[in-house]
Structure formats: structure tokens, C-alpha cells
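Asker: Sequence below, structure please.
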Amino acid sequence: MQLSQSDIIEFARQYDPQPMHLDPNAASFTIYGGLIASGWHTGALFMGLLVRNLIAQTTSMGSPGMEDLRWPAPVRPGDTLSGRIEVLETRASISRPNMGIVRWRGELRNQDGKLVMSAIGTNFFGRKPA
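Answerer: Prediction:
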């Protein structure tokens, strides 16, 4: 997915109204040297990819959260992002036999292969009867 300047500004106006996300001129005077997407915008884009390409095809039962969320490089207008996840661990829930627990590591990279977001997450999924 490719991110435009207007996408970045629109998200920032609503959810993270800081100068480096709202105003290209003001952003040019920040440590980033130009407009960048909010990390929360980057996370929302990752979540959209995760849902459309994996979770929507499962019996998702929610998530207790994520850990180790990182934004090692900024996302800029015109960047094209792609994501991937790696399953780290799977197990059956002890208290809910109809539920499985999956722990995963996810990442987003830009068109140059540069890592722009990483996280470790846990999701609950429905299990088929034994």
C-alpha cells in the first residue's frame, strides 16, 4: 500500500496532531527533516493488512495486546509499505478449550526494504473440536 501526503495529514488531524505529521513546512524544521506519518498511523496500516490478509479468514476471538512496538524509521509520503508476520508460538488455552493462542512477530517495511515498524503480538483464535 502506498501512502500519500494527504493520507498522512488526514490521519494526523484526527488522531496525532503534531507538526511533523500535519505541516510539511513545520516538519522540515524537525529532526525528521520533512513530513512523516504518525507511528499510530503506521500501526493502523499494519493492522489493516493483518486483518485483510489473515484474521478475516479465521475465527478470530480478539487479542490481549501487543508488546515491543517499535518504529525504527519514519514513514514518508510516497512510501509503499508491505508487511509480514512470523508465528513464534502456538498453544491451546487451558481455561477455554475452544480457543488457541498465537504469539507472533510482525513487521512493516518500505519500498527499499527498510524496517519502519515491528511488534510482537498475541491473538486468540477458535479451535476445532478434538
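Asker: Glu89: what's its closest spatial neighbour, skipping adjacent residues?
Answerer: Arg103 (4.3 Å; CB to CB, 6 or more residues apart in numbering). C-beta: built from backbone N, CA, C; applies to glycine.
Asker: any low-confidence regions in this protein?
Answerer: Scanning the chain with the threshold set as pLDDT under 70 gives 130.
Asker: which residue ranges form the strands in the chain?
Answerer: 65-70, 82-92, 99-109, 115-126 (DSSP state E).
Asker: Could you pull out the buried residues of the longest one?
Answerer: Judged by neighbour count (16 or more other CB atoms under 10 Å), strand 115-126 contains these buried residues: Val116, Met117, Ser118, Ala119, Ile120, Gly121, Thr122, Asn123, Phe124, Phe125.
Asker: what's the closest of the strands of the chain to Leu54?
Answerer: strand 82-92 (7.2 Å; CB to CB).
Asker: circling back: save the buried residues of strand 115-126 as TSV, and put in distance to Thr58 too.
Answerer: Formatted as TSV, the buried residues of strand 115-126 follow (distance: CB to CB, whole Å):
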residue	distance to Thr58
Val116	26
Met117	22
Ser118	22
Ala119	19
Ile120	19
Gly121	14
Thr122	14
Asn123	8
Phe124	10
Phe125	5
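Asker: Closest one of those residues to Met61?
Answerer: Looking across these and measuring by CB to CB, the closest to Met61 is Phe124, at 3.9 Å.
Asker: For the closest one, which non-adjacent residue is spatially closest?
Answerer: Nearest non-adjacent residue to Phe124 (CB to CB, 6+ apart): Met61, at 3.9 Å.
Asker: residues in contact with that neighbour?
Answerer: Met99, Asn123, Phe124, Phe125, Gly126 (CB atoms under 8 Å, 6 or more residues apart in numbering).
Asker: who touches the second one in this structure?
Answerer: Contacts for Asn123 were tallied using CB under 8 Å, 6+ apart; they are Ile55, Ser60, Met61, Gly62, Ser63, Ile101, Val102, Trp104.
Asker: Just grab the bridge partners of it for me.
Answerer: Val102 (DSSP bridges).
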